[in-house]
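>>> Below is the sequence, then the predicted model.
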Amino acid sequence: MNSPAILQTPGFAHYSLAWSPFYNTKLALASSANFGLVGNGRLHIVSLLPGPAGLPTLKLDKFFESQDGLYDLAWSEAHENYVVTASGDGSIRLWDTMLDVRCSVYINLAIGVWQEHTKEVFSVDWSNIQKDTFVSSSWDGTVKVWRPDQPRSILTLQAHQSCVYQALFSPHQPDLISTCSTDGTLKIFDLRSPSYAVGPGSNSFTNPMSAAVLTVPASASEILTLDWNKYRPMVLASGSVDRMVKVWDCRMVKLGDSQVGGACESSLPGHEYAVRKLQWSPHKADILATASYDMTCRIWNTIPMGPQPPLRYIHDAHTEFVAGCAWSLYEEGLLATCSWDSRLNVFRP
């Protein structure tokens, strides 16, 4: 693909995107009016279609309105049509993307709503192992674990004392959750610890737990994003306000012991402004994509061979902050980016 396939959604700045784990040509976009400062949010459902001369095109299938801006989303790993979203009003909403919205665009059609967080919800992630479970993180400092058939969260972590920008389940072990925060740390929580047992009088939304098995002092500035390596358990990447991308090796930690540590395996300088999002390739252990407020998305080889530089490619087609990037789960090397310029780009670096 020599040039990106582009979809424009005027009036709505994109905050996050995700490829469907069930369909290789379907994506979802979380967006906000007025750059997320005030106004509605939208969940866009997009298809990648064959185009003229072999170049694919992007088609907006439908969109769902929310009363506040949407900051993140995740496809269900158990139901091919469900998407969960994180909202600026502190709510989490579950959507059925097969609902017909032609006659009711401005009606909130979410099939599930949870309102426990007291500030903006900034991330959601669906476990690809424990497929009936998802996790959320909020500016209120907490991380909550949910099941879509339960009216309340099943577990609450007082993960940080300040904003938790992202929380992710490990793709290798369903009981591990990693978090990053304004306090400059990465943390790993092990839900197998006895302190996280769920039962009468135990961990709940009114009695949160805070013991991390590992705390990594990863940056002197805010850490905005992190991701688990898909092939190397206990290896994480982080992106921060100081423009740095770092790879952390946490394999020496014995789970169950609260420790401060983690070895920085590599540092990847190059972005000119804060790193807003990053994601490891699902097809290669050493390839990482990063999105930044410098309006670029960059591709890195985190274990360069010989004199080859770690920075492999710069995508600079956006004209505003690049807030999201995501690799196709089915087609190797296919990458999507979204930006505050209201554009979704799909391309092959």
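Ah, there it is.
>>> In the chain, what helix or strand scores lowest on average pLDDT?
strand 259-260 (a mean of 73; mean pLDDT, DSSP states H and E).
>>> just checking, what packs against it?
Applying 3 or more CB pairs under 8 Å, 6 or more residues apart in numbering; DSSP states H and E, we find strand 259-260 packed against strand 214-217. Any C-beta I mention is one placed from the backbone N, CA and C, and that applies to glycine too.
>>> Give me the residues contacting whichever helix or strand comes after the strand it packs on.
Moving toward the C-terminus from strand 214-217, the next helix or strand (DSSP states H and E) is strand 223-228. Strand 223-228 is contacted by residues 165-166, 168, 170-172, 178-182, 184-186, 235-241, 274-280, 288 when judged by CB atoms under 8 Å, 6 or more residues apart in numbering.
>>> Filter these down to the buried ones, PyMOL style.
Buried residues within these, by 16 or more other CB atoms under 10 Å, are selected in PyMOL with:
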select buried, resi 165+166+168+170+171+178+179+180+181+182+184+185+186+235+236+237+238+239+240+241+274+275+276+277+278+279+280+288
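>>> Quickly list the domain ranges of the protein.
Here the domain assignment for the chain is 1-115+317-349, 116-269, based on automatic domain parsing.
>>> per-residue confidence averaged over the shortest one?
With pLDDT averaged residue by residue, domain 1-115+317-349 scores 91.
>>> How far off centre is it?
12 Å (CA atoms, centre = their mean, to the nearest Å).
>>> just the strands in the stretch 101-250 of the chain please.
In chain order, the stretch 101-250 of the chain shows strands spanning 112-114, 121-126, 134-138, 143-146, 155-157, 164-169, 176-181, 185-190, 214-217, 223-228, 235-240, 245-249, with DSSP state E, counting those that start in this stretch as the criterion.
>>> Dump those to CSV, plus distance to Arg312.
Output for those, formatted as CSV (distance: least, CB to CB, whole Å):
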stretch, distance to Arg312
strand 112-114, 40
strand 121-126, 26
strand 134-138, 30
strand 143-146, 33
strand 155-157, 36
strand 164-169, 24
strand 176-181, 24
strand 185-190, 25
strand 214-217, 26
strand 223-228, 17
strand 235-240, 15
strand 245-249, 13
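>>> of all those strands, which lies closest to Leu48?
With CB to CB as the criterion, Leu48 lies closest to strand 121-126 of these, at 21.1 Å.
>>> Give me the helices and strands touching that closest one, please.
Counting by 3+ CB pairs under 8 Å, 6+ apart, strand 121-126 packs on strand 70-75, strand 82-87, strand 134-138, strand 164-169.
>>> So what are the sheet partners of the third one and their directions?
Partners of strand 134-138 in the sheet, by DSSP bridges, are strand 121-126 (antiparallel), strand 143-146 (antiparallel).
>>> now do the second one
Strands flanking strand 82-87 in the sheet, each with its direction: strand 70-75 (antiparallel), strand 92-96 (antiparallel) (DSSP bridges).
>>> ok, residues contacting the shortest one?
If I follow you right, that is strand 92-96. So strand 92-96 is contacted by 43, 64, 66, 81-87, 108-115, 117, 121, 124, 136, 146, 148 (CB under 8 Å, 6+ apart).
>>> Which of the residues you listed are buried? Put it as a ChimeraX command.
In ChimeraX syntax, the buried subset of the contacts of strand 92-96 is picked out as below (16+ other CB under 10 Å):
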select :43,64,66,81,82,83,84,85,86,87,109,110,112,114,117,121,124,136,146,148
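>>> tell me the contacts of the nearest residue to Gly69 once chain neighbours are set aside?
What sits nearest to Gly69 in space, not counting adjacent residues and going by CB to CB, 6 or more residues apart in numbering, is Ser32, at 3.1 Å. Contacts for Ser32 (CB under 8 Å, 6+ apart) come out as Phe12, Ala13, Tyr15, Gly39, Asn40, Gly41, Arg42, Gly69, Leu70, Tyr71, Gly88.
>>> now the last one: how far from Gly39?
Right, the one you point to is Gly88. Per CB to CB, to the nearest Å, Gly88 is found 10 Å from Gly39.
>>> Those two - which one has more neighbours?
Gly88 (23 against 15; other CB atoms under 10 Å).
>>> coming back round to it: from the contacts of Ser32, pick the one nearest Ile299.
Nearest to Ile299 among the contacts of Ser32, with distances taken as CB to CB, is Tyr15, at 21.2 Å.
>>> didn't that closest one look like it was pressed against Ala28?
No - between Tyr15 and Ala28 there is no contact under CB atoms under 8 Å: 11.7 Å.
>>> Between those two, which has more neighbouring residues?
More neighbours surround Tyr15 than the other of Tyr15 and Ala28, with 28 against 24 (other CB under 10 Å).
>>> Please pull up the helix or strand immediately following whatever helix or strand the more buried one lives in.
Secondary structure assignment for Tyr15, by DSSP H and E: strand 12-19. Sequence-wise, the next helix or strand downstream of strand 12-19 (DSSP H and E) is strand 26-33.
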